[in-house]
Every structure is written in structure tokens, then in C-alpha cells.
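In: fold the following and give me the result.
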Amino acid sequence: MTKNNRRITFPELCFLAVIAVAAAWGLQHYYKPAETAAKDTPALSAETASTQQIYTEIAWDEDTVRDALCRGIEAGEEKIAFPYDCSVVLFDLFHEVLADHPEYFWLTGSGSYARRTSQDGVTVVFTMDALITPEEIVSRRAALEERVNDILARAEEYATVYERLLFLHDLLVDDTDYDADTAAVMFEGDPTDTVSRATGAYGCLVDRLAVCSGYAAAYQLLCARLGVPCARVQGTESRTGAPHEWNIVELEGEWTHIDVTWDDPIFTGEPEEGYRSYDYFCVTTDEIARTHIFDHDAIPPCESDIYGYYKVNGLTLETYDPDAAASLISRQVGGCIRLKFPDADALDAAEEDLIEKRRIFDIPAVRDTGVRSLRYSTSEMGTLSIWLLP
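Out: Take a look at the predicted model:
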């Protein structure tokens, strides 16, 4: 058998060498070993790599999140799933929902979320903390709804919005005891069911025992059900620096402050049976700022005094005038006598003349009662309250 031998010429050798170099270069750049790739490029997790540029995130905004929270809470869900990544704003919006919906009394305001990524997109699952069981939530919601419906039926017997707001104020003052025991311990440890009840609408309306935030939550809930815009204001007491909460209400386009707690005689210390204070019913920002500290820029301005109890009932005097005061006193004999003055100077003048000099007993309507003793109180809101004692 003949063997054919062929020598590779020099030009052919050069051509093969070029091909080999090119192949080696291609392998190096297009089939880089895993460890080299990890060294030169940030590694992607299997989860991220599998979803990157595969899905389109669902469009959402803050209103979408709020609506989903409300729907989930109303349905009694313990966990709410969002098919988009709202984790950055979730807790802020959750707290806004609770501020607007005092009927969600069982939620503590705390919780946790899990963020999951898959080929379908990002899902956030939010778990809300509650201090009571689902069964107890259902029971208490039913009790609260029954109480609210009863109150609303009575409120709707009044013709005007103002009269309805005054009715709600008086009802909470009459029916609610200020929970001094809970107020004394509520900041000393983790929240308890007792604290949760006293600080919410359920405690005020069903237990009829509450601290200031309970009064404010109950008033907000009842106003909302009547279709009256109402919010809660958080601040502090100017005397003690203690935290305090009350309401602002929009009445015919004008915002006004209402502090039901501080109008409750159990809280103010007035022992007179059936007495209610109206010092904080529909007052201006300037008036309530005498005793309350808060961020004025965080709430709408409350500048009109036309709905103040004393203004509506014609019990205000711009200065102390003995004859004008006697006229107002005469038509109130037989009950609590109330007068309101714009400043401390006018109030002091009335106190000195009517009380210290006892000239109130010279007013014919008072003299005719035969009464020669009285009890009285003054307030930083410029009011003078007098009780004639038998």
C-alpha cells in the first residue's frame, strides 16, 4: 500500500496559526469561566436573575394602597397581599388609614411585612397586629355598630348639623367617664387590651370609659357617619406638657375645634349634677391655643367663632358692663349661669364686681330667689360659670 505524504507549506502553517489564535480569543471572551465572571461582574441572585426584565410592575399609587388596606380590614383579614412593591410607604399609609377610621379599634398600628419576588413580579404581604382574637373582634364590632346606630338615630332627630354636633358633644359628656386609672399607666409598658379600649371609640361608646383619645375617636366616628368632616388633633396640655387629643370639625365650610374631654365635668372637676362645660365647643385656633399646644400648620385654620356655644346663645360680652351682665344673668336664673369675655381683664372685672363685691345678689331676678350664696368657677377660655345655692 502506497503511503502518500504531503508536507504543509509555510503559508498554510501561518494560516492555521491565525485560526488558532482567533479561536482562543473567542473562547476567552465569550465563554468566560464562572469564577472569572463572578470576579468581574456583580453576581445576581437566582431569584433576581430569573425576574429581571421579565415582568412589568403593576401600576399603583397611594390611594390604591389605602383602598386595599380598607378593603382588607373591613373584610376582617389578618394579612393583606399587595401585588406590587409598596413597602416604602406601607406603614405611613396604614397609620393614615387608622387616623381616618376610628372604627378599626382592634388594630394596634404595628405589624410586619414580607416582600417576595417571583417570575410574576413583587408581592408584599402585610400582617397587622391586634390585641384580641378574630372572634372577639367580630363581637365587639357588632356591639359598637349597634351603639353607633342608636346614637345616630337620636342625632338625626335634630334639624341642623350644628344641633347634631352639639347633641353628640353632650351625649359623650353625659355618658362617658374619664378613665383616670388607665391614663396614669398607659405609657408605662406595652399596650394592653385595657389601654386599647380606653384610647379608642369602642371604649368610649360601648364601655363608656375612656381617655382623651377615646373621646376624640368616638366623636370622629359619629361625625363621619353623619357625613361631617372631622379629624383628630394630637398635641399637649400647655400646663403639664402631657399628651392630649381632640377634634377639628368642618361646619358649613368653616373648621373649628371641639374638645369633648375638657368639657366633661368629671375631667374638669366640676361636681354639679348635670353640668356640662362648653368652653371647648366650636372654638378658634387662637382660643384653644391658650391651653393646648399643637402644630398649627398641620391642620386647617380655625378662625371663625360664629359657632361657639356662647356666641350662638348670646352669652358673650366684649367688655364687662354691669347692666349687660345683669341682663344675661337674669335669663339664666334657675340653672348654670354662663358668661364669656374676650380677655382676662374683662373676666377679672366681672369676677370682682359680681362675686367679690356680691353685686350679683342685687340683680332683681337673683334677689327674688332669696338665695344669698353661690359657687362659681372661671376658666382660661374667658368664661365665668355661677351656681346659685339654696
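In: ok, now how distant is the nearest residue to Ile360 once chain neighbours are set aside from Gly382?
Out: The shortest distance from Ile360 to any non-neighbouring residue, by C-beta to C-beta, 6 or more residues apart in numbering, is to Leu354 (4.4 Å). (Glycine included, C-beta is placed from N, CA and C.) Between Leu354 and Gly382 the computed distance is 15 Å (C-beta to C-beta, to the nearest Å).
In: more neighbours, these two?
Out: Leu354 (26 against 21; other C-beta atoms under 10 Å).
In: under a three-state scheme, what state does that one occupy?
Out: helix (DSSP: H, G, I helix; E, B strand; the rest coil).
In: show me what contacts it?
Out: 325, 329, 360, 384, 386 (C-beta atoms under 8 Å, 6 or more residues apart in numbering).
In: nearest spatial neighbour of the most centrally placed residue in the chain, skipping sequence neighbours?
Out: Centroid check for the chain by C-alpha atoms, centre = their mean gives Ala99 as the closest residue, at 3.3 Å. Distances taken as C-beta to C-beta, 6+ apart place Arg232 nearest to Ala99, at 6.6 Å, with adjacent residues excluded.
In: per-residue confidence at the one you found?
Out: pLDDT, Arg232: 98.
In: give me the phi and psi angles of it.
Out: Torsion angles at Arg232 (phi, psi; degrees, to the nearest 10) stand at phi -100, psi 140.
In: so how many other residues sit close to it?
Out: Close neighbours of Arg232, defined as other C-beta under 10 Å, add up to 19.
In: can you list contacts of stretch 122-139?
Out: Residues from elsewhere that reach stretch 122-139 (C-beta under 8 Å, 6+ apart): 57, 69, 73, 76, 78-87, 90, 94, 106-117, 140, 191-193, 196.
In: domains of the chain?
Out: Taking automatic domain parsing as the reference, the chain has its domains at 62-130, 314-390.
In: okay, those domains in TSV with mean pLDDT next?
Out: Formatted as TSV, those follow (pLDDT from 0 to 100):
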stretch	mean pLDDT
domain 62-130	95
domain 314-390	96
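In: with distance to Ser238 added, can I get the ones you listed in a markdown table?
Out: Output for those, formatted as a markdown table (distance: least, C-beta to C-beta, whole Å):
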| stretch | distance to Ser238 |
| --- | --- |
| domain 62-130 | 23 |
| domain 314-390 | 9 |
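In: which one of these lies closest to Asp264?
Out: Proximity to Asp264 (C-beta to C-beta) singles out domain 314-390 among these, at 13.8 Å.
In: list the buried residues for the longest strand seen in the chain?
Out: Secondary structure of the chain per DSSP state E: the longest strand is strand 107-118. Of the residues in strand 107-118, 107, 111, 113, 117 count as buried by neighbour count, 16 or more other C-beta atoms under 10 Å.
In: name the strands paired with the next helix or strand after that strand and say parallel or antiparallel.
Out: Per DSSP states H and E, the first helix or strand lying C-terminal to strand 107-118 is strand 121-130. Next to strand 121-130 in the sheet, as set by DSSP bridges, lie strand 79-82 (antiparallel), strand 107-118 (antiparallel).
In: for the first one, list the C-alpha coordinates in PDB.
Out: These are the backbone C-alpha positions of strand 79-82, laid out as PDB (Å, rounded to 0.1, in the frame of the first residue of the first chain):
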ATOM      1  CA  LYS A  79     -52.900  39.600  56.200                       C
ATOM      2  CA  ILE A  80     -53.300  41.800  53.100                       C
ATOM      3  CA  ALA A  81     -51.300  41.000  49.900                       C
ATOM      4  CA  PHE A  82     -50.300  43.700  47.500                       C
END
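In: strands of the stretch 151-300 of the chain, start to end?
Out: Assigned by DSSP state E, counting those that start in this stretch, the stretch 151-300 of the chain shows strands spanning 177-178, 209-210, 230-237, 243-251, 254-258, 281-283, 292-293.
In: partner strands of the longest one and their direction?
Out: When sheet partners are counted by DSSP bridges, strand 243-251 sits next to strand 230-237 (antiparallel), strand 254-258 (antiparallel).
In: so how far is that strand off the chain centroid?
Out: 9 Å (C-alpha atoms, centre = their mean, to the nearest Å).
In: same check on the first one?
Out: Averaging C-alpha coordinates over strand 177-178 and over its chain gives two centres that are 20 Å apart (C-alpha atoms, centre = their mean).
In: same deal with the last one?
Out: From the chain centre to the centre of strand 292-293 is a distance of 16 Å (C-alpha atoms, centre = their mean).
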